[in-house]
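Undergrad: With the sequence up front, the predicted model follows.
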Amino acid sequence: MKKYRGLAYFLVLFITSFAGTFILIPLTVLVAFPRTVELHAWLTRKIIGSWFKFATSLQEVFLKQRIIITGDTISHPKNALYIMNHRTRMDWMWLWLLLKNQGDLSKYKICMIDIIRNFPCIGWCMQLGVFQFISRNWENDKNYMVDTLKYYKKSDCRFGLLFFPEGNSLNARNRGISKTFAEKNDLPVYDYVLHPRQTGFDHICTSLEELQLTNDIYDITVGYPENLVHQETELLFKGRFPNTICFNVKRHKLSDIKKIGYGKWIDDTFKAKEKNLKEFYESSSRFNGEILNSDVDFLSAYWSIFKWTCIFSGYVYTTFTFSSYLFFQLISGTIFAVITKFKGVDRVLIDTVLNK
């Protein structure tokens, strides 16, 4: 049965995201009225955060994943930028475990590749939550990233934005590209991280400062002492999950980093990450520092699973009992897919709010 647990986990996430999507879609009408823009952002954030908590509770209860945290604690009420090494393609999902333990999952946003917005329901929910989707066309992305931050400010949307300075996960191909770049520019060759991209990091830090959205940045290093899983297919078809995930957290102030220079600071930070991760993988399998409370709150986890079981049951009942609701889903889902194809629902929400 262990072989099928990954498939079962992702299937549950996929079908429950249907309920989330069609709860969120009717709320978009609130964006049309200036007085309810903030209410829309708050409701959307809370609903998506509740689903993230449900997904994380499944990881804790059924997948039996555990975390070990060292370093600083994450402040709940404040906006923040999270930066993290991109060891595998699933790092953003395992970060849920840390944020459920310390942070606030309802604030969680991700800067991710544009193709994810097209994933039915899960990608659609992220669009409705105005996550950042980048096309890797810098001329387009730099303005879009600022507009997203302006949306957060105007709608009073609290956020903890995850940004991967490396731009890609660490695999053989990307390691080779990073090595070539390092050799051409007389830089050290890394084995456990990629060289960070200064332009995007400098841009987002400068924008956060200019918009006065936050002064907090959390440098998170993630390590996997066992079951290092690179691809989604290993999770889906082999049922392989990292049993234990280690996080080291360091809190900094953007105002202090600015004095050093954003580009120099991110280079120095990843140089230090390489050193720490080399020690982690080659000798200790842990990060230095005092271990913080990483215990699972099982009461909260079971309550979250029960709550979303009820929500999904209500969604299924309503869908198959009331034909009008099924019709609404078909029509709104079609419209959503068309808007996603040609522009993106997130961009429509951003433009609507910023033009008020």
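TA: Arrived safely.
Undergrad: Am I right that Asn248 sits in a strand?
TA: Yes. The assignment for Asn248 (DSSP: H, G, I helix; E, B strand; the rest coil) places it in a strand.
Undergrad: Quickly note the distance from the spatially closest residue to it that is not a sequence neighbour to Phe270.
TA: Among residues not flanking Asn248 along the chain, Phe287 sits closest, at 3.9 Å (C-beta to C-beta, 6 or more residues apart in numbering). (C-beta placed from N, C-alpha, C; glycine too.) Counting by C-beta to C-beta, to the nearest Å, the gap from Phe287 to Phe270 is 16 Å.
Undergrad: just to revisit the earlier point, these two touch, right, the residue nearest to Asn248 and Gly223?
TA: Yes. If you go by C-beta atoms under 8 Å, Phe287 and Gly223 touch, sitting 6.7 Å apart.
Undergrad: Find the residues that touch each one of these two.
TA: Cys246, Asn248, Phe280 (C-beta atoms under 8 Å, 6 or more residues apart in numbering).
Undergrad: Quick check, pLDDT for the last one.
TA: Phe280 carries a pLDDT value of 94.
Undergrad: Bridged to Gln132, which residues?
TA: Beta-bridge partners for Gln132, by DSSP bridges, are Cys111.
Undergrad: Spit out the contact partners of it.
TA: Listed by C-beta under 8 Å, 6+ apart, the contact partners of Gln132 are Lys109, Ile110, Cys111, Met112, Tyr144, Met145, Thr148, Leu161.
Undergrad: if you set the cut-off to 10 Å instead, what comes out?
TA: 109-112, 114, 126, 141, 144-145, 147-149, 159, 161-163, 204, 346 (C-beta atoms under 10 Å, 6 or more residues apart in numbering).
Undergrad: if you look at those residues, which of them are in helices?
TA: Using DSSP state H, Met126, Asp141, Tyr144, Met145, Asp147, Thr148, Leu149, Ile204, Asp346 are the members of the contacts of Gln132 that sit in helices.
Undergrad: Let me know the closest of those to Asn85.
TA: Closest approach between the ones in helices among the contacts of Gln132 and Asn85, by C-beta to C-beta: Ile204, at 16.8 Å.
Undergrad: which stretches of the stretch 51-200 of the chain form helices?
TA: Under the criterion DSSP state H, counting those that start in this stretch, the stretch 51-200 of the chain contains helices at 91-101, 122-128, 138-154, 172-184, 198-210.
Undergrad: Can you tell me which of these is nearest to His230?
TA: Minimum separation from His230 across these (C-beta to C-beta) falls at helix 172-184, 9.5 Å.
Undergrad: In PDB, list the C-alpha atoms belonging to that closest one.
TA: C-alpha atoms of helix 172-184 as PDB (Å, rounded to 0.1, in the frame of the first residue of the first chain):
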ATOM      1  CA  ALA A 172      22.100  17.500 -13.000                       C
ATOM      2  CA  ARG A 173      21.200  19.800 -16.000                       C
ATOM      3  CA  ASN A 174      20.800  22.900 -13.900                       C
ATOM      4  CA  ARG A 175      24.000  22.100 -11.900                       C
ATOM      5  CA  GLY A 176      25.800  21.900 -15.200                       C
ATOM      6  CA  ILE A 177      24.500  25.300 -16.300                       C
ATOM      7  CA  SER A 178      25.500  26.800 -13.000                       C
ATOM      8  CA  LYS A 179      28.900  25.300 -13.200                       C
ATOM      9  CA  THR A 180      29.500  26.700 -16.700                       C
ATOM     10  CA  PHE A 181      28.300  30.100 -15.500                       C
ATOM     11  CA  ALA A 182      30.700  30.000 -12.500                       C
ATOM     12  CA  GLU A 183      33.700  29.000 -14.600                       C
ATOM     13  CA  LYS A 184      33.100  31.700 -17.200                       C
END
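Undergrad: What are the buried residues along that helix?
TA: Across helix 172-184, burial judged by 16 or more other C-beta atoms under 10 Å covers Arg175, Ser178, Lys179.
Undergrad: what's the answer for stretch 146-157, then?
TA: Under 16+ other C-beta under 10 Å, the buried positions of stretch 146-157 are Val146, Asp147, Thr148, Leu149, Lys150, Tyr151, Tyr152, Lys154, Ser155, Cys157.
Undergrad: Including pLDDT and distance to Trp308, could the residues you listed go into CSV?
TA: Formatted as CSV, the buried residues of stretch 146-157 follow (pLDDT from 0 to 100; distance: C-beta to C-beta, whole Å):
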residue, pLDDT, distance to Trp308
Val146, 96, 35
Asp147, 96, 32
Thr148, 96, 27
Leu149, 97, 30
Lys150, 97, 32
Tyr151, 96, 27
Tyr152, 96, 26
Lys154, 94, 30
Ser155, 94, 25
Cys157, 92, 23
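Undergrad: As TSV, the residues you listed with distance to Ile331 would be great.
TA: Output for the buried residues of stretch 146-157, formatted as TSV (distance: C-beta to C-beta, whole Å):
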residue	distance to Ile331
Val146	34
Asp147	28
Thr148	28
Leu149	33
Lys150	31
Tyr151	26
Tyr152	30
Lys154	29
Ser155	26
Cys157	28
